Each structure stands twice: as structure tokens, then as C-alpha cells.
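Enquirer: from the sequence below, what's the structure:
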Amino acid sequence: MTDSRTTLDAVQPRRLPQQARSRARYDQVLAAASELIGERGVDAVSVREIAEAAGVPIAFIYDYFPDRNALLWTLVAAPLERFEREYKLRIAAADTPAALSEAAVAGFDAIVTELRSEPAIVRIWSGVQAIPMLAELDRAQNERLAEAVADRMLALDPETDHAAVRRRALLLCTLASAAIDLALGMEGDDVDAILTEFRGLLRDRIATFN
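Expert: Below is the predicted model of the structure:
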């Protein structure tokens, strides 16, 4: 498995713009990329097209981003980082296994709500899952979330089998990403049906670790 720290370093911007004009152009690039990918999907959009839509030379993009993967990760990094912070706060506040399961469901619903409100982010999210380097970063985040869930469960019930708790937490966090990707790729009643089914699984498997 690729080291996630090394992978994260590889998709960081080369630098951030310091001057107001450069910052405005940088933001134009991100907005253009989000709009184009939201309309057509990750695979259908080139860096050159993003540059043309943003009204900047293609060299400007490569001055800040080492490659297209870095640009894509920048588009999803902020909402994912915010989600991780909020999820961990919910988990840390749970004082019973039942409360922990509800906190996990609330965190799941929070990311679903955000993704559903931003159709472009849904297309980018799905595209990220198909790129091994970026999918590795998503897996690394799932591992961190699972660790937070397992640590809280073990704090609430130290007698629980530690290895079993950690395995189940990792499985559930990994399945959460898959459930979201599956549901948001569907239409009509199927979307809510998939999400409801997973909420039930999440509640049951976290509240009944023993």
C-alpha cells in the first residue's frame, strides 16, 4: 500500500499565490475546473480546457499544481478536511454506544447533505475514487475516522475485544464511502433507499459491538 503521507505530499500545490491578482486567477482556475468537471466528469476535462475556461495560460496552472491530480485533490480537500474535523468532534462527544452510533450516522448524513448540495463535488468525488493515488488518500481518511470511532468505543467499553472493534470500525467507515458513491450515482427513490439501508447498518453495528 502506498504511504499516504507521501501521496498527500505529491498532490499538494507547488505554492499558494501571494498577490491579489494571482490569488484571483488561482480562484478562477478552481472555479472553472469545478464547473467543467461538474458538467462533464473528471475524465472528459483536460488541464488545457480548464486554463481556457479560466482565461489563464496553461503555464499558470502548472506553476501552482504539479499535475491534474493535484488540482483535483485541491477541489475536494477543503470539504473533506472540514468533514473529518466535524465527524471527530461528534464522535468524541458520544457518552454511550447508542450515542456513538447516532453520532456516526449524523456524521454520515452531514457529508451526504454537503455532496447533494454541490453536484459538481459529487462528480469530482466519484472521479477521485477512480484515480488510485487520490483513492489512497480517501482510504487514509477512512482509516483515521475508523480510529476515532474505535478509540471512543473502547473508552466507553474497555472490555470489548480491541481487534474486533478496530476491524468493524474500519469496515463501516470504508463502506460509508462506498454507500455514498453508490447512492449518489443513482436516481429517484433508490438514492434515499440506499442511504436509509446504510444508516440502519451503521446504527446496528456500532451500537451492538458486544
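Enquirer: secondary structure element holding the residue sitting nearest the centre point of the chain?
Expert: The centre of the chain sits closest to residue 80, judged by C-alpha atoms, centre = their mean, with a distance of 4.4 Å. Using DSSP states H and E, residue 80 falls within helix 68-93.
Enquirer: okay, residue 29: pLDDT?
Expert: Looking at residue 29, its pLDDT is 95.
Enquirer: was I right about it contacting residue 56?
Expert: Yes. At 6.2 Å, residue 29 counts as touching residue 56 under the criterion of C-beta atoms under 8 Å. C-beta: built from backbone N, CA, C; applies to glycine.
Enquirer: among those two, which residue is more densely surrounded?
Expert: residue 29 (22 against 18; other C-beta atoms under 10 Å).
Enquirer: chain neighbours aside, what residue packs nearest to the more buried one?
Expert: residue 54 (4.6 Å; C-beta to C-beta, 6 or more residues apart in numbering).
Enquirer: what's near enough to touch the one you found?
Expert: 25, 28, 29, 31, 32, 33, 61 (C-beta atoms under 8 Å, 6 or more residues apart in numbering).
Enquirer: number of residues surrounding residue 84?
Expert: 16.
Enquirer: can you tell me, leaving aside adjacent residues, what's nearest to it?
Expert: With C-beta to C-beta, 6+ apart, the residue lying closest to residue 84 is residue 141, at 6.1 Å.
Enquirer: which of the helices or strands spans the one you found?
Expert: Applying DSSP H and E, one finds residue 141 within helix 132-156.
Enquirer: just residue 18 next, same as before
Expert: With DSSP H and E as criterion, residue 18 is part of no helix or strand.
Enquirer: report how many residues lie close to it.
Expert: 7.
Enquirer: okay, it and residue 24: tell me how far apart.
Expert: 12 Å (C-beta to C-beta, to the nearest Å).
Enquirer: quick check: neighbours shared by the two?
Expert: Counting by C-beta under 8 Å, 6+ apart, nothing touches both residue 18 and residue 24.
Enquirer: just want the angle from the helix or strand hosting residue 200 to helix 132-156.
Expert: Assigning secondary structure by DSSP H and E places residue 200 in helix 189-207. For helix 189-207 against helix 132-156, the angle between stretch directions is 40 degrees (axes from the mean of the first three to the mean of the last three C-alpha atoms, to 10 degrees).
Enquirer: what does helix 189-207 rub up against?
Expert: Contacts for helix 189-207 (C-beta under 8 Å, 6+ apart): 97-98, 100-102, 104-105, 108-109, 112, 149, 153, 168-169, 172, 175-176, 179-180, 182-184, 186.
Enquirer: so where's this protein shaky on pLDDT?
Expert: Across the chain, the ranges flagged by pLDDT under 70 are 1-6, 209-210.
Enquirer: kindly state the domain boundaries assigned to it.
Expert: Structurally, the chain divides into domains by automatic domain parsing as follows: 11-69, 75-207.
Enquirer: and the end-to-end length of the longest one?
Expert: Taking C-alpha to C-alpha, to the nearest Å as the measure, domain 75-207 stretches 34 Å from start to finish.
Enquirer: and it, how far out from the chain middle?
Expert: Relative to the mean C-alpha coordinate of its chain, domain 75-207 is positioned 9 Å out (C-alpha atoms, centre = their mean, to the nearest Å).
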